[in-house]
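# The following comprises the amino acid sequence and a computationally predicted model.
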Amino acid sequence: MFEQLIDMIFSASFGYSIIRITSPILFAALAAVVAEKAGVVNIGLEGTMMISALFGVLFAYWTNSWIIGVIGATAIGILVAMIMAIFALKLKTDIILAGIAVNLLGGGGTVFLLYLFTGLKGNTASLTTPNMLTPKVDIPIIQNIPVIGQIFSGHSILTYVAFLLVILVWIMLYKTAMGLRIRAVGENSHAADSVGVSVLRTQYVALAISGALAGLGGAYMSMYYSQSWNIGIVAGRGFIALAAQAMGQGEPVGAMLSSLLFGFASALGNKMEGMQGFSSYLVASIPYAVTIIGLVIYAMSTLKKVKRFKDNDK
Amino acid sequence: MKKLLSMLLASALAVSMLAGCGGGNDANKETDNGAATEGETKVYKVCNLVNGNLGDKSFFDSAEAGLAQLKADGRIEYTTIEMGGTTEDESKWQGYVEEVSASGEYDLIVCGTYQMPDYLKNVAEQYPDQKYLIYDDTTHILPNVANLSYAQNDLGYLVGVYAGAMTTETSLEGINEDAVVGFVGGVDSPVINDFLYGFILGAQESNPDIKVDTRYVNSYVDPAKAKELAESMINDKNCDIIWGVAGNSGNGAAEAALETGKAYFIGVDSDQELTFSPEMAEITLTSGLKNVGNSLIWFFDEWDAGREHFGKQTLLGMKEGGIGIVTDKNFDSKTPEAVKEKVTAAIEAVSNGDVVVPTAVGNETNEVQDLREAVKP
């Protein structure tokens, strides 16, 4: 049995799966990172992704172009984030409540919007044409290397964008003036305010970036991963991303690693489903169990570090 | 800014109210027309409560079509109320059932799916003279409620016979010679396993050495997860035919089949070929049907004939038209004659009782689970 499992883990399709499962979570985790850095909790990622996923399909359907679909999904992501920002930052609602509202809107409001625009009520499977789906990209040279090529080549263009964005978000946060302002506002908004940084404006910008990233995650879900939109399509990935952000200590690279860990655990669960003697309920909990174990290991290592630091102090 | 927001909100409210009124008017019109075509036999007044929306291309549309047929034949007049299907809408369902029951206008109130029994029970006990019908659920048996359920094990058997025979038909592009088929279920639950039970037995009927890879999505709305599962079935286990019994999630299995180009999909509940994009319809061989609409017509046939089915569970199979398998379109064009004959024979055998498929519902002995593990590739 374990031989079978190990065979499957060391297959190229397993690595490919991990990257594909990780991508939407990574988009959302980066979205959470940027918002968190500016001191706002964007708990509305799930709903934002749901709404963007729908509009990505709709824009792509109307124009028969996936590019317009992706741009539309991103724009809608920003729009939703801005609505949240107006409520939270200008009208001073609790941001958590605004986020919950967005999630509820993403759950029920999307069905209403779908019906309004298309007359459909459950899913958009009948609308999909090949032009509406984000294309797969074969990376030259790499695609010809055995195993490596099968794992890293042939993903959706958005997957490469997601991993590229890890670097871009890092550069934005640590190498640009905007990033400095975002971090300053997140660390101590009063201090930032006292040196003339507009706290509100910075938080607006951070939420907009967060919304755009979540929007891309939504587009990935409906325009590549699932090839159509349906009720509840995001299925909790927005919340998992919040966990990935926390587990990654709010850093882009950390968030990427924890997203990958989650992707690995999910892919492992999917393979184990097909083996004899595993209850599907047990298997379904693997990604979450792995996340908890990851957190425990991380906390233990931090504790050790702190202890060593204290010991040295003595 | 605040002003603008409140204006927006107010207009949104106004629009939604207007939309609500519009729906109501349509429904009224329908009833009026129905009254005009009154025949000699009793014309029943029926209220159809949809705990979701029409347009699902599945149960709700099927029930609606059955009622429309009955109305066209001048046997009933009916009103359909779409109660909405989101978590937030659920809080209103009880109110709707209560309201239409209290009105006393209807001879029969129809609702369905596993989500409704508790709401129905609460109200049905208060209105013992009101008659109700609930389809695809048998949770509570009440004297004034007719429970219609569908022999999904028989349905599974038919699909299994077909899949088991097709998986070695290498003349069809994409089919490999390995006798392995797949089953993507929603949740490891008695109803889903009832489909599975029949499916495995049917597949074994066609090919005693068949392997069946069964995996559960654990969600009815996560096609992406179903896609991962199905791809693993196709790539790791050489599955070439996958039956998706998982609501919206099932579509993910169809996508996996399309993307890998090495497998075919079979739909469930309704004719899914009709609901897909052309590319996905192309790799959908057939669908196992639960004919809610037919079962409602059957129910009124029985009622008119003086046979009442209230206060008990009525299991509808092939004979009553409650279940079926799609045999036109792709099935017709892609299936070799020998396999078609096998399916026809299986339909025959199930309808006249030559084959009795055991059920997983209420089965405490875990026979399905043991069988499921035994046939895993």
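The structure has been received and is ready for your questions. Numbers count the residues shown, from 1 in each chain, chains lettered A, B, ... in the order given.
# who in the stretch 151-300 of chain A is up against chain B?
A:221, A:225-228, A:230-233, A:235, A:266-267, A:270-271, A:273-277, A:279-281, A:284 (Cβ under 8 Å from any Cβ of the partner chain). For glycine as for every other residue, the C-beta is placed from the backbone atoms N, C-alpha and C.
# Just the ones of those residues in helices?
A:Ser266, A:Ala267, A:Asn270, A:Lys271, A:Glu273, A:Ser280, A:Tyr281, A:Ala284 (DSSP state H).
# out of everything not next to it in sequence, what's closest to the third one?
Counting by Cβ to Cβ, 6 or more residues apart in numbering or on different chains, A:Asn270 lies nearest to B:Glu228, which is 4.7 Å off, once chain neighbours are set aside.
# And A:Gln150, what's its pLDDT?
Listed pLDDT for A:Gln150 reads 89.
# That one against A:Tyr16, yeah?
Yes. The criterion here is Cβ atoms under 8 Å, and A:Gln150 meets it with A:Tyr16 at 6.4 Å.
# between these two, which one's more packed in?
Neighbour totals were compared for A:Gln150 and A:Tyr16, and A:Tyr16 leads with 19 against 15 (other Cβ atoms under 10 Å in any protein chain shown).
# List buried residues within the residues of the stretch 151-300 of chain A next to chain B.
By neighbour count, with 16 or more other Cβ atoms under 10 Å in any protein chain shown, these hold A:221, A:225-228, A:230-233, A:235, A:266-267, A:270-271, A:273-275, A:280, A:284 as buried.
# and the spatially most central residue of chain B, what does it touch?
Taking Cα atoms, centre = their mean, the centroid of chain B lies closest to B:Asp269, which sits 3.4 Å from it. Listed by Cβ atoms under 8 Å, 6 or more residues apart in numbering or on different chains, the contact set of B:Asp269 reads B:Ser58, B:Phe59, B:Ser287, B:Gly288, B:Leu289, B:Lys290.
# Hmm, A:Trp229 is touching A:Phe117, no?
No. Look at A:Trp229 against A:Phe117 with Cβ under 8 Å: they stay out of range, at 11.2 Å.
# Other residues contacting the host helix or strand of B:Lys45?
For B:Lys45, the host element (DSSP states H and E) is strand B:44-50. For strand B:44-50, contacts defined as Cβ under 8 Å, 6+ apart pick out B:60, B:63-64, B:67, B:70, B:75-83, B:93, B:96-97, B:100, B:105-111, B:116, B:300, B:303.
# What average pLDDT does that strand get?
Strand B:44-50 comes out at a mean pLDDT of 94.
# Neighbouring strands - and their directions - for it?
On the basis of DSSP bridges, the sheet neighbours of strand B:44-50 come out as strand B:76-82 (parallel), strand B:108-112 (parallel).
# What ranges does the stretch 101-250 of chain A have for its strands?
Along the stretch 101-250 of chain A, counting by DSSP state E, counting those that start in this stretch, strands occupy A:136-137, A:155-156.
# and among those strands, the most buried is which?
strand A:155-156 (a mean of 22; mean count of other Cβ atoms under 10 Å in any protein chain shown).
# Give me the sheet partners of that one and which way each runs.
strand A:136-137 (antiparallel).
# List the contacts of the partner strand.
A:Ser153, A:Gly154, A:His155, A:Ser156, A:Ile157, A:Tyr160.
# one more time with 6 Å
A:Gly154, A:Ser156, A:Ile157 (Cβ atoms under 6 Å, 6 or more residues apart in numbering or on different chains).
# What of stretch A:77-97?
By Cβ under 6 Å, 6+ apart, stretch A:77-97 touches A:40-41, A:43-44, A:48, A:51-52, A:98, A:102, A:200, A:203-204, A:207-208, A:210-212, A:214-215.
# hang on, the earlier thing: mind putting the strands paired with strand B:44-50 into TSV with distance to B:Phe183 and mean neighbour count?
TSV is the format used below for the strands paired with strand B:44-50 (distance: least, Cβ to Cβ, whole Å; neighbours: other Cβ atoms under 10 Å in any protein chain shown):
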stretch	distance to B:Phe183	mean neighbour count
strand B:76-82	32	21
strand B:108-112	24	25
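# can those go into JSON lines with extra columns for mean pLDDT?
Output for the strands paired with strand B:44-50, formatted as JSON lines (pLDDT from 0 to 100):
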{"stretch": "strand B:76-82", "mean pLDDT": "93"}
{"stretch": "strand B:108-112", "mean pLDDT": "93"}
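# Which stretch among those strands approaches A:Ile76 most closely?
strand B:76-82 (26.4 Å; Cβ to Cβ).
# Who are the packing partners of the helix or strand following that closest one?
Toward the C-terminus, strand B:76-82 is succeeded by helix B:87-103 as the next helix or strand (DSSP H and E). Based on contacts counted as 3 or more Cβ pairs under 6 Å, 6 or more residues apart in numbering or on different chains; DSSP states H and E, the elements that helix B:87-103 packs against are helix B:117-124.
# Not counting its own residues, what contacts the helix it packs on?
By Cβ under 6 Å, 6+ apart, the list of residues contacting helix B:117-124 reads B:93-94, B:97-98, B:101, B:132, B:134, B:137, B:139-140, B:142, B:144-145.
# ok, now with 7 Å
B:93-94, B:97-98, B:101, B:111, B:132, B:134, B:137, B:139-140, B:142, B:144-145 (Cβ atoms under 7 Å, 6 or more residues apart in numbering or on different chains).
# buried ones in that helix?
B:Pro117, B:Tyr119, B:Leu120, B:Lys121, B:Val123, B:Ala124.
# Ok, stretch B:274-292 next?
Taking 16+ other Cβ under 10 Å as the criterion, stretch B:274-292 shows B:275-277, B:280-281, B:283-292 as buried.
# if we can go back for a sec, I'd like the contacts of helix B:117-124 laid out as TSV, including distance to B:Leu172.
Shown next, in TSV, are those (distance: Cβ to Cβ, whole Å):
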residue	distance to B:Leu172
B:Trp93	45
B:Gln94	50
B:Val97	48
B:Glu98	53
B:Ser101	52
B:Cys111	41
B:Tyr132	46
B:Ile134	40
B:Asp137	38
B:Thr139	41
B:His140	45
B:Leu142	49
B:Asn144	51
B:Val145	46
